[in-house]
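In: I'll drop the sequence and a predicted model, then ask my questions.
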Amino acid sequence: MFWRRKRAESDFTEEIQSHLRLEVERLRGEGMNQAEAEAAARREFGNVAHAQERFHESNRWMLLEHLRRDAAYALRVLMRNPSFTLVAVISLALGIGVNALVFSVVNAIVLRPLPVDQPGQLVFLENARYSAGQSFPNYREVRDRNQVFSGTLG
């Protein structure tokens with residue numbers, strides 16, 4: 001990638017120089033001397049350095065170039081201070097791990113549908129005597145004497 005960018009820049013520079021040479025030849029054909037023709041060609045073309053900067057900035061990979069430079073700078077800074085690097089890496093690892101764990105739990109509980117045929121027909125039975133749900137003996141009794149529900153889950 002780096003060699004392609006250098007080649008494109010050199011090709012563009014060569015194209016500018018070729019354009020200037022052709023313009024100088026045309027002006028010399030009109031009767032100007034070499035120095036006057038070169039000055040007039042440069043005046044007509046404009047600032048060569050500015051044209052090269054515009055060409056370089058028009059490169060669509062400029063974002064990747066900036067990203068590469070930022071990453072190289074970050075690595076240089078991190079290599080200078082190993083204790084900070086260790087703390088940063090551990091913090092990132094913990095953050096990524098906790099994020100993955102929370103997503104897995106939320107995905108399993110909230111996002112995925114229940115593994116039953118018709119989840120809209122599920123009911124939750126409550127017992128007025130037990131505020132924390134059903135006792136196991138009560139559950140067994142409902143399961144064994146069930147004549148209304150297609151099944152029970154404990």
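Out: Looks like it arrived, so ask away.
In: hey, let's count contacts and neighbours off CA atoms from now on
Out: Will do.
In: Could you pull up phi and psi at the residue lying farthest from the centre of the chain?
Out: Largest separation from the mean C-alpha position in the chain: Gly31, at 58.6 Å (Cα atoms, centre = their mean). Dihedral angles of Gly31 (phi, psi; degrees, to the nearest 10) stand at phi 110, psi 0.
In: so who does it touch?
Out: Shown in contact with Gly31 (Cα atoms under 8 Å, 6 or more residues apart in numbering): no residues.
In: which helices and strands does whichever helix or strand Leu86 is part of pack with?
Out: In the assignment (DSSP states H and E), Leu86 maps to helix 82-106. In this structure, helix 82-106 packs against helix 62-80, with contacts taken as 3 or more Cα pairs under 8 Å, 6 or more residues apart in numbering; DSSP states H and E.
In: quick one: average confidence on the helix it packs on?
Out: Helix 62-80 comes out with an average pLDDT of 88.
In: Contacts for that helix next, please.
Out: Phe84, Thr85.
In: how about that helix: buried residues?
Out: By neighbour count with 16 or more other Cα atoms under 10 Å, helix 62-80 contains no buried residues.
In: Pull the number of nearby residues for Ile16.
Out: A count of nearby residues for Ile16, using other Cα atoms under 10 Å, gives 16.
In: Am I right that it sits in a strand?
Out: No: applying DSSP: H, G, I helix; E, B strand; the rest coil, one finds Ile16 to be helix, outside a strand.
In: and it, how far is that from Leu27?
Out: 17 Å (Cα to Cα, to the nearest Å).
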